[in-house]
Structures are given as C-alpha cells and as structure tokens.
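>>> any chance you could fold what I've pasted below:
(4 chains)
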Protein chains: 2
Amino acid sequence: MAKKRVTLADVARLAGLSSTAASMILTGRPDTRLSAEAHAKVHAAAASLGYRPNAAARALRTDKSRSIAFVSDYVATTRFASGLIRGALAAADDAGHVMLMLETGGEPAREVQAVQAALDRQVDGIIFAAMRSREVFVPDLAIPAPVVMLNGTSARFATSVLPDEYAGGQLAVKLLVEAGLKDGIVLLGHNAEEERGLFRSEQIARRLAGIRNAMASHGLNFAAELSRWNWEPAHGYDLVSKLLRSERPRGLLCLNDRLAFGAYQAIGEAGLSIPGDIGLVSFDNDELASYLRPGLTTIGLPHEEMGREAVRLLLGENRPASETLLPMPLLVRGSLPSA
Amino acid sequence: MAKKRVTLADVARLAGLSSTAASMILTGRPDTRLSAEAHAKVHAAAASLGYRPNAAARALRTDKSRSIAFVSDYVATTRFASGLIRGALAAADDAGHVMLMLETGGEPAREVQAVQAALDRQVDGIIFAAMRSREVFVPDLAIPAPVVMLNGTSARFATSVLPDEYAGGQLAVKLLVEAGLKDGIVLLGHNAEEERGLFRSEQIARRLAGIRNAMASHGLNFAAELSRWNWEPAHGYDLVSKLLRSERPRGLLCLNDRLAFGAYQAIGEAGLSIPGDIGLVSFDNDELASYLRPGLTTIGLPHEEMGREAVRLLLGENRPASETLLPMPLLVRGSLPSA
DNA sequence: CTGTTAGCGCTTTCAT
DNA sequence: ATGAAAGCGCTAACAG
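Here you go, the predicted model:
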C-alpha cells in the first residue's frame, strides 16, 4: 500500500507546532519572528519526513502556480531553434518554475486551445515563440497573465525578444569587405527588384536592411542578386550552378546556411575552391555549417540567450513595452579568405 | 480592474442549481440522472459566462492534474529527436493532458530536482526520455506515478518504447544485397575486433546484431570495418579518404548519416561517383540526408511515433512490463544503385 | 432527481 | 512569539 503523501500538518505535528508556524517558516517569510528553535524543529521535521509542498494546494490558495507556458507554432523544427526551449527551460528552472510546452502548428484553433489549457493551469505567464518566424500570433482571448513574444512580434503584446538582425546584416557585409572582397559580391536569397518590399519575415527584412545599409556605406553594390522563395540547399545549388556558367563572383553573401550548402556543392562541381576562388558568409549557424569543408563562416542566432531572456522578462518585475534585441554571434570558420 | 475569474458557483447560481449539479453535469458523470433541462441550463450558463474550471482546485480535490512530465537528458539536441517531443505533445493533447518539459543534462542531481518538481505538481505520469541514448537513468526516488522510458531503458522501470534496431540493422544489409552489392561492403562506424562487446549504446548493439545476423544469413563478410568513437562527418571523411587510397569498396554501410556525410565528401574528392562507383546506406534520416547529392538512402528513427506511443502507454490502463519496439522507416533516395 | 456538507493542503488574517 | 479559523474552487458522500 502506498504511503499517504506527507502534508504540512504532519510536519507541524512532528515539530510540535501549528501548521501556521510551519508554513511561515518553510516559505521563509521574512517579517515574522518565530524562535530560532522553532525554525530548527520545523526544518528538521520537514527533512525527516521528506516533506514536499503540494503545488495544487498552494496554487489554489495563492493564485500562483510557479509554472509558465511556452506556446510555439512548432517545437524545435530546426535543430538550432531548440536553443530557444533550452534557454527558456534553464531560466525557468533558475526561477523555480516549471515549463508547460504547447504546440499549435500555427493554427488559430489550436492556439486558442493551448492558451486556455495554460490558463486553466493558472500559469504565471506565457511565452509565444515563433520557430518559423513568418507566423503571426492571434490568440484573441483575454489573457490575465504576463506575455512575452519570443523570436516574433505581435500587435497585442509589445514585449518581445528578437535577434538583432539589422546589426547582423551589417556584420556580414563588414566581414566580406575586411576579407578584401568588395567587387563581385553576389547576394543569395533575395532579389530587390523581383521582391520589392516582400520578405519572408519581418526579421529577414531587417537583416536585409542592415546588409543594404552597410553596402551603401561602403559605396558597394551587389554584382547580382539571386533568389528563390525557398531557402533549401537544392535552390542554392541551382542558382549558383547557373550563375557560374556565365560569371565568376568573388564573394557570396548567403541569407542562410542551407543556401550556402547548395552553393558549396555547385562551387565544388565547377572545380572552384573556397575560399581561394570564392568566399562565403552566411546566416544561422546551422549544424551543417561546421560539417562543410572548409567550415562555413556564419552569423548565428542567439537562440539560447533569447529563450533565457524571454523568461527573465516574463518573470521579472518590469517588462519593457518594446523589443529586446540580442546580438547575433559570429562563427568564424574557413569560408572567407584571411587577407 | 481585472474581473474575477468565473467559478463553478457562478455558473450554478446563474443556472439556478446547486454547484454539485453543475459539477456533475459539466464533468459529464454518466451515472447521475439530472433532468435534460438542468443540463441545458448549466451548459448555457457556463458558456455565457465563459466558465473554465480551475485546474488547481480540481487537482487538489481529485489528485489528478491532467498533466504529465517529459524528463529528458537533453532537449531536442539533434533536430530529428525533437520528433519525440512532438509526438508526445500530440498524444498528451489528444488525452486532454498538458506536458511539463524538464531537462536534466543527464546529471543525477538535476534529475532528482526535475522529478521532484514534477511530483510536486501532481503529474499523472512521467516519461524519461534519452536523446543521447547512451545515458542511463537513476532517479532513485519513490515515484508514486506511472513511468515509461522513451528511447532508453532502465532497470527500475521496465515499460519502454524503443526503435526496432535489430530489424533496422537487418534491413540495411538487405538493401545492399538487393542493390547487387555483396562483395566489397565496408562497415563504417564500428570494428568488431577493436571494440569487442563495446557499444555506444544498447541500441547500437542491437543495430549491429541485426546487421551481423543478416550478413551471416547471406553468407557475407565485410571487406573492412572502420571505426572512430565519434560519429561526426570529419571522422567519416578521414576514414573513407584513407580507405580509398588503397581499396575500392563497392558499398558502404554507415552507422549514421553524419559518417555518411563525411564519406560523401571523401568519395567526391576521390573523383568517384555515388551510386555508380560506391553505394551507401545509412541510419538516422538526419536532415542532412536529403540535402546530399544524390540523396542519401537511410533508415530513420520513428521518433514521432515513439513519443506518441510512450504517452499512450503512460496514460493507458495496461502498461506492458516490457519493451515496445517500433519499426524504423526506410527512406529510399539515390545513394544505392537500382540494379 | 437534487442539495447540503465536508474536506483536499495550503496560506493568511486576526486573536491571543 | 504563536495558534485558531477561514477559505481558495472544486468534487464526493450522504441526505432529502
């Protein structure tokens, strides 16, 4: 027969005190002045019985569940995005909170369900995370709890945590320039003429704005801008294969690592070498980037830090009614000439 | 001022009934015989007030929280392992449960904390998942809730969900043989002589057992067995580069896709073609596999199904005191000759 | 067929 | 400096 769970009353009884006293001592309330002896007895009793407070009872009473919800469109679809979860988990743990995970597939109906399920559990806050960052959130419910947006934005909730894409974009250009590649730089992933004002996401728009700003401030222009709506390796391969038939670019600025991967394949087949003939910079720090030969120099996303920061903001006192931009880490590998 | 949350008493009052009646009607208890009119009134009242039961109160009373814990060593370290989470999430949702996510880093101390945090919240069950499957779990606590092991095993808890690695191993050999590659097959990732009885994990041991069984039953032997403890692309590259200096294998049986990726690089540099000169089969269905040119034929892990099954077992009535083996899916792409 | 009553385990006034 | 008592929102006995 399973032993009944030990309750606060059991602890108090063993300590020879009231459960009020036990409660105050165990929750560490500062303003109360119980004797040191009482403290010792209660702690000893709790320890010897292996007392663990019942979270449901506590939540019912205090209206605080010490849990938060992480609602996302997709769960760690790409390997690197799982950093968002890991960071959030770590920060939640630091704050003594537990994290409910909810996946919505980006569907409004499931989003409503997820939010309700979370609210039913009295969560102390909700993080809305966008793994595929194009999605927008429309949980059109009253949400009587703090909310922060992670890797995405929302009209309803201003507090959000994002990578500093603009600075990242500028950095990519700086890298190319410092590597001595000024002329013959080709942009892979977007074409300003074909896609006027159309971006895969607000974040990519910022990345491109940073890129264009840096190009302009160096007085440079792209030799070509190649684009395909999807950023898969096969598209990078196609685009670059075709390009190499007529041109000989010096540098490739790839909007993500998968495109860069395809570019590697095309460059290899053309008998050209990296970084000798063509240098590359890219974005994402996808797992791929380190597997390539030579390693791909890329500007990553600070996913883990973003996750942490989102939870800190959520649980903290003061939530800024605006965006928190986190710097994008640079991973220098071998795809750019050193000169 | 935020409106107070609507409670069952509010619903009962509006419906002109007792809260008992409202409770029975809303929880849909079958054995009670309240009038159809009462049902209608209660449902109408609940809907008009937007009533949502308070999970904490319910948990306190019933000792059931409608939540489960997913405790894992690492959260979706590899992209493909996030399928475990997604599957579990989906099945939990189907059962009206919510899922707490806990990460332990494989450290015993954090494992204890995670389990306690989960137990404190009155979870209805715990899944212990192994992302990096070598780890073993030792949460040496009384766990008064159902447990199932996912993608790993434990001496304490027999119920576990695993991929059918033995069958997967056999399948890999069958594929090679059917492609006409019988002689000159090289095993990449393990060397029986150097690593007698030493495996990266119990699961890899089974995979290899399946492979050896199939080889034997076809009367075949490996032309060589190459190994390096880590299964990273760079190791596959090194091993195969060196091999190609002296031998000309016909087929490569790679123990994971990352090794295969490195093999591709070495084969490409040697001016050989896939699958014309060398055919490959591998394991994992890593994201990489579909990016390669030609695509890598690989035997994947049924992660999503495993996650679902684990939750079904956890929440189901009858938990088998043994392993549930799920078939490993075959992804046919272009790395094997069709003959 | 329906309502009253009594807690689940905890925190929190309010008295001592 | 400590304890008695009330009650968070819900459900389960037990009466009517």
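>>> look up phi and psi at A:Ala69.
As for A:Ala69, its main-chain torsions (degrees, to the nearest 10) stand at phi -110, psi 140.
>>> for the lengthiest helix in chain A, which helices and strands make contact with it?
Criterion DSSP state H: the longest helix present in chain A is helix A:202-217. On a contact count with 3 or more Cβ pairs under 8 Å, 6 or more residues apart in numbering or on different chains; DSSP states H and E, helix A:202-217 meets helix A:165-178. For every residue, glycine as well, the C-beta is placed using N, CA and C.
>>> okay, the angle between the helix it packs on and helix A:202-217?
Angle of helix A:165-178 versus helix A:202-217, following axes from the mean of the first three to the mean of the last three Cα atoms, to 10 degrees, is 40 degrees.
>>> and helix A:165-178, what other elements does it pack with?
Contacting helix A:165-178 under the criterion 3+ Cβ pairs under 8 Å, 6+ apart are the following elements: helix A:202-217, strand A:251-254, strand A:279-284, strand A:298-300.
>>> tell me the buried residues in the longest helix of chain A?
Neighbour counts using 16 or more other Cβ atoms under 10 Å in any protein chain shown place A:Gln203, A:Ile204, A:Ala205, A:Arg206, A:Arg207, A:Leu208, A:Gly210, A:Ile211, A:Arg212, A:Ala214, A:Met215 of helix A:202-217 among the buried residues.
>>> rounded mean pLDDT for it, please.
For helix A:202-217, mean pLDDT rounds to 95.
>>> contacts made by stretch A:19-39 with the rest, please.
Outside stretch A:19-39, the residues that touch it by Cβ atoms under 8 Å, 6 or more residues apart in numbering or on different chains are A:Leu8, A:Ala9, A:Val11, A:Ala12, A:Ala15, A:Leu17, A:Val42, A:His43, A:Ala45, A:Ala46, A:Tyr51, A:Pro53.
>>> any part of it near DNA strand C?
Yes: using Cβ under 7 Å from any atom of the strand, we find that stretch A:19-39 touches DNA strand C at A:Ser19, A:Thr20, A:Ser23, A:Met24, A:Leu26, A:Thr27, A:Arg29.
>>> ends of that stretch, how far apart?
Terminal residues of stretch A:19-39 lie 13 Å apart, using Cα to Cα, to the nearest Å.
>>> buried set for that stretch?
By neighbour count with 16+ other Cβ under 10 Å, stretch A:19-39 contains the buried residues A:Ser19, A:Ala21, A:Ala22, A:Ser23, A:Met24, A:Ile25, A:Leu26, A:Leu34, A:Ala38, A:His39.
>>> for chain B, what are the nearby residues on the stretch 101-250 of chain A?
Within the stretch 101-250 of chain A, the positions near chain B by Cβ under 8 Å from any Cβ of the partner chain are A:101-103, A:113, A:116-122, A:144, A:232-234, A:237.
>>> could you redo the last one with a cut-off of 7 Å?
A:Met101, A:Glu103, A:Gln116, A:Ala117, A:Leu119, A:Asp120, A:Arg121, A:Gln122, A:Pro144, A:Pro233 (Cβ under 7 Å from any Cβ of the partner chain).
>>> what does the stretch 1-150 of chain A have sitting close to DNA strand C?
Residues of the stretch 1-150 of chain A lying close to DNA strand C (Cβ under 7 Å from any atom of the strand) are A:4-5, A:7-9, A:19-20, A:23-24, A:26-27, A:29, A:51, A:53-54, A:57-58, A:60-62.
>>> identify the residues contacting the closest residue to A:Arg250 other than its chain neighbours.
The shortest distance from A:Arg250 to any non-neighbouring residue, by Cβ to Cβ, 6 or more residues apart in numbering or on different chains, is to A:Gly184 (3.8 Å). The contact partners of A:Gly184, by Cβ atoms under 7 Å, 6 or more residues apart in numbering or on different chains, come to A:Ala223, A:Pro249, A:Arg250, A:Gly251.
>>> ok, A:Arg61 - how many residues close by?
Residue neighbour count, defined by other Cβ atoms under 10 Å in any protein chain shown, stands at 11 for A:Arg61.
>>> where's it, which helix or strand?
In this structure, A:Arg61 sits in helix A:55-62 according to DSSP states H and E.
>>> contacting residues around that helix?
With contacts defined as Cβ under 7 Å, 6+ apart, helix A:55-62 is touched by A:Ser65, A:Arg66, A:Gln122, B:Ala56, B:Ala57, B:Ala59, B:Leu60, B:Ser65, B:Asp120, B:Arg121, B:Gln122.
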